[in-house]
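Undergrad: predicted coordinates and the sequence they were generated for:
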Amino acid sequence: MEAKTRPTAELDLRRGMRVCWPFILLLSVASMQSIGGFSLTGTVGINYGQIANNLPSPSQVVELLQASNLTNVRIYDANPEILIALRNTSVRIVVSLGNEYVATMSARPDKARQWVKKNVAAYIPAGTNITGVLVGNEIYTGNDTVLKQSLMGALKNIHSALVSLGLDNTVKVSTAHSYQVFGSSFPPSSGAFSDKSVAYMKQLLDFLNATHAPFLVNVYPYFAYKGDPSDVPLDYALFRPSSGVVDSKTNLHYDNLFYAQIDAAYSALAALGYGKVDVRVSETGWPSKGNNDEIGATPENAKTYNGNLLERLRKKEGTPLKPNVSVQAFIFALFNENLKPGPASERNYGLFKPDGTETYDLGLKGLKRIVSSLPPPPTVATGNSGNSSATTAITSPTAATPSVSPGDGTNSSSDSSSAKGEIHNISTELFDQVFGIER
C-alpha cells in the first residue's frame, strides 16, 4: 500500500479544499458506460494478500471469491497453490514479480523468459485465467536508484517473453505506483508528477502506450483524511453527500475525493503527452481498525467507504474529466492480515476475517454463510470420534505445472507495501485487459 508520510500532492489537495470549500455547488456526476477491451471483467477487483498465518486454504478462498462474485483478483506473487486452485474457474488473476527480482529480470532476458514460462505460460493451458503481470511495487517512490533504473528493463524483458510465447495480447505487463509519484494533485487539472519521479515516467509511459497497458496507481482517500481531518471533510472522503469541490480551471465538480485523485493522475499523464493512457486503481480501501492516532480507522467508516465505492464501481461511472471511461479499481484487501508490519491499520483492511466471515456487512457471501446454506451432511455412525481437518488439500504441481522455487520470485509473501511508505520487496498490482474486473 502507500506511504505513511503524506505526499506533497495530498498537501496541495487539502490546501485547495480549504480555499474552495465554501464556494462549491453540488452537481451530479454519472456516466454509466463501460470500457471495452482493456478492462476488468466489470469494474471491481480484489487484492488477495497473504501476509498472515491464519488464512483459509486457496481452495476455500476460491469458493469465497465465487460465492461473493469477486471475479478479478490480484496476488502479490505467483503462488502455485493459488494458481492451481483457480483452474477452470471464472476468476481472472493478475500475478506479481517482487522488487527483489527486478534487477535480475532486467539484466537477464533468459531469466525473464524462464519466469514467464514457469509462472504464467504453464498455467494458462491448464485453465488458470492469468491476465496480467505486475513487475515491482511502488519502485519510483523508493530510494533505491539501481532498482529504479532496472524497472524498465524488467518490464520490457517480461513483455518480450510473453510476445515470444504468443501471450502478449491476453497478458499485459505493468507496474504499480504509490500516489507519492505526484508532486501536486489540486486542483485535479493541475496534477503533475514530482521532480523525483518525472525523470523516469516518459520511458514508462512510452512502454504502456505501445503495449496498450494501463498506468496503475494506489489511491487512498483515507490517508488524505487521516493526515489533515480538519481540512479534508470526512463526507467527501467517504462518498457521502457533501458540497464537494470545484476545479477552478475546468469548472468540473467533484463530489468525492477518490475521483478527484484519479483525475489528477490523468492530468499528470496528459501534461507529459500521454492523455490516452488509461489510469487504473491498483489499490484502494479503508481500515476498520487502527492505533489511537489513526483517526478515522473504524468499522463504520470502512463499511461506508467500501460500500459506497462498490456501488459507484458497479454503476460503471466515469470521473468528471473522463465521464465515458468507467473507473476500475482493485479493493484492498480480501482479508485482514495478522502478520503485516506497521501500525494496526495495516492489519485491518480486509473485507473478510481469516475465518471467512465479513468484517462488516457489505452483502458479500462469507464462507460461513456458504456452509450454513448447505444441507446438513448425512449422519454416519462410527466408533471413532476423531477430528477431521477442515482445510482443503491442495494437489502438488505435476510435471505439466512446474513447481516454483523462491529463487524464481513467485512465493514472496509480500502484499503491497507493508506499512504504506516503506518499499517492500513485494510485487504488486495489477492490471490489464487483463485488468479486467468483473461484477
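TA: Yes, it's here.

Undergrad: roughly how far apart are Gln222 and Phe258?
TA: One correction, residue 222 is Tyr, not Gln. Separation of Tyr222 from Phe258 (Cβ to Cβ, to the nearest Å): 10 Å. Every C-beta, even on glycine, is put in place using the N, C-alpha and C of the backbone.

Undergrad: pretty sure Leu351 contacts Lys365?
TA: No. With contacts counted by Cβ atoms under 8 Å, Leu351 stays clear of Lys365, the gap being 11.4 Å.

Undergrad: out of the helices and strands in this protein, which is least certain?
TA: Of all helical and strand segments in the chain, the minimum by mean pLDDT, DSSP states H and E falls on helix 8-20, at a mean of 43.

Undergrad: partners of the helix or strand just after that helix in the sheet?
TA: Next along the chain after helix 8-20, taking DSSP states H and E as the criterion, comes strand 44-48. As defined by DSSP bridges, the strand partners of strand 44-48 come to strand 72-75 (parallel), strand 329-332 (parallel).

Undergrad: mind listing the helices for the chain?
TA: Here the chain has its helices, by DSSP state H, at 8-20, 58-67, 80-85, 102-107, 109-116, 145-164, 195-211, 221-227, 234-237, 257-271, 299-314, 367-373.

Undergrad: lowest-confidence stretch among those?
TA: Lowest mean pLDDT within the helices of the chain: helix 8-20, at a mean of 43.

Undergrad: do I have it right that Asp168 meets His159?
TA: Yes. Between Asp168 and His159 there is a contact at 6.4 Å, judged by Cβ under 8 Å.

Undergrad: mutual contacts of those two, please.
TA: Between them, Asp168 and His159 have Thr211 as joint contacts when contacts are counted by Cβ atoms under 8 Å, 6 or more residues apart in numbering.

Undergrad: compare neighbour counts for those two and give me the winner.
TA: The residue with more neighbours, out of Asp168 and His159, is His159; 24 against 17, by other Cβ atoms under 10 Å.

Undergrad: next one: the closest residue to that one other than its chain neighbours from Phe215, what distance?
TA: Setting aside the residues directly before and after it, His159 is nearest to Val173 in space (Cβ to Cβ, 6 or more residues apart in numbering), at 4.7 Å. Distance, Val173 to Phe215, using Cβ to Cβ: 12 Å.

Undergrad: do Tyr48 as well
TA: Counting by Cβ to Cβ, the gap from Tyr48 to Phe215 is 22 Å.

Undergrad: and if you look at Lys117?
TA: Following Cβ to Cβ, the distance that separates Lys117 from Phe215 is 27 Å.

Undergrad: could you do Val135 as well?
TA: 14 Å.

Undergrad: residues shared between the contacts of these two?
TA: With Cβ under 8 Å, 6+ apart as the test, Val135 and Phe215 both reach Ser174.

Undergrad: more crowded one of the two?
TA: The residue with more neighbours, out of Val135 and Phe215, is Val135; 31 against 25, by other Cβ under 10 Å.

Undergrad: was I right to think the more buried one contacts Leu155?
TA: Yes. Counting by Cβ under 8 Å, Val135 touches Leu155, with 5.2 Å between them.

Undergrad: overlap in contacts of these two?
TA: Residues within reach of Val135 and of Leu155 at once, by Cβ under 8 Å, 6+ apart, are 173-175.

Undergrad: could those residues be laid out in CSV, adding pLDDT, distance to Asn99 and neighbour count?
TA: Conversion of those to CSV gives the following (pLDDT from 0 to 100; distance: Cβ to Cβ, whole Å; neighbours: other Cβ atoms under 10 Å):
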residue, pLDDT, distance to Asn99, neighbour count
Val173, 98, 15, 27
Ser174, 98, 15, 30
Thr175, 98, 10, 32
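
Undergrad: which one among those residues gets closest to Asp247?
TA: Ser174 (27.4 Å; Cβ to Cβ).

Undergrad: thinking that closest one is in contact with His212, fair?
TA: No. Contact criterion Cβ under 8 Å: Ser174 and His212 do not qualify, at 10.5 Å.

Undergrad: before we move on, the earlier item: buried deepest among the strands paired with strand 44-48, which one?
TA: Comparing the strands paired with strand 44-48 by mean neighbour count (mean count of other Cβ atoms under 10 Å), strand 72-75 ranks first with a mean of 29.

Undergrad: pull the contacting residues for the residue nearest to Tyr222 when sequence neighbours are not counted.
TA: Spatial nearest neighbour of Tyr222, excluding adjacent residues (Cβ to Cβ, 6+ apart): Trp286 at 4.9 Å. Shown in contact with Trp286 (Cβ under 8 Å, 6+ apart): 221-222, 238, 296-297, 301-302, 305-306, 349.

Undergrad: mind listing what Thr284 touches?
TA: Counting by Cβ under 8 Å, 6+ apart, Thr284 touches 218-221, 258, 309, 329-332.

Undergrad: show me the two of those that sit farthest apart.
TA: Pairwise distances across those peak at 15.3 Å for Pro221 and Phe330 (criterion: Cβ to Cβ).

Undergrad: picking up where we left off before, so for Tyr222 and Phe258, which residue has more residues nearby?
TA: Taking neighbours as other Cβ under 10 Å, Tyr222 and Phe258 compare with Tyr222 leading, 29 against 26.

Undergrad: for burial, what's the neighbour tally of Ser164?
TA: By other Cβ under 10 Å, the residues close to Ser164 number 14.

Undergrad: what about it, distance to Met105?
TA: Ser164 is 15 Å from Met105, by Cβ to Cβ.

Undergrad: got it, and Leu334?
TA: Applying Cβ to Cβ to Leu334 and Met105 gives a distance of 27 Å.

Undergrad: same question, Leu86
TA: Leu86 is 24 Å from Met105, by Cβ to Cβ.

Undergrad: these two touch, right, Arg87 and Ile124?
TA: No. Counting by Cβ under 8 Å, Arg87 does not reach Ile124; the two are 10.1 Å apart.

Undergrad: intersection of neighbour lists for the two?
TA: Common neighbours of Arg87 and Ile124 (Cβ under 8 Å, 6+ apart) do not exist.
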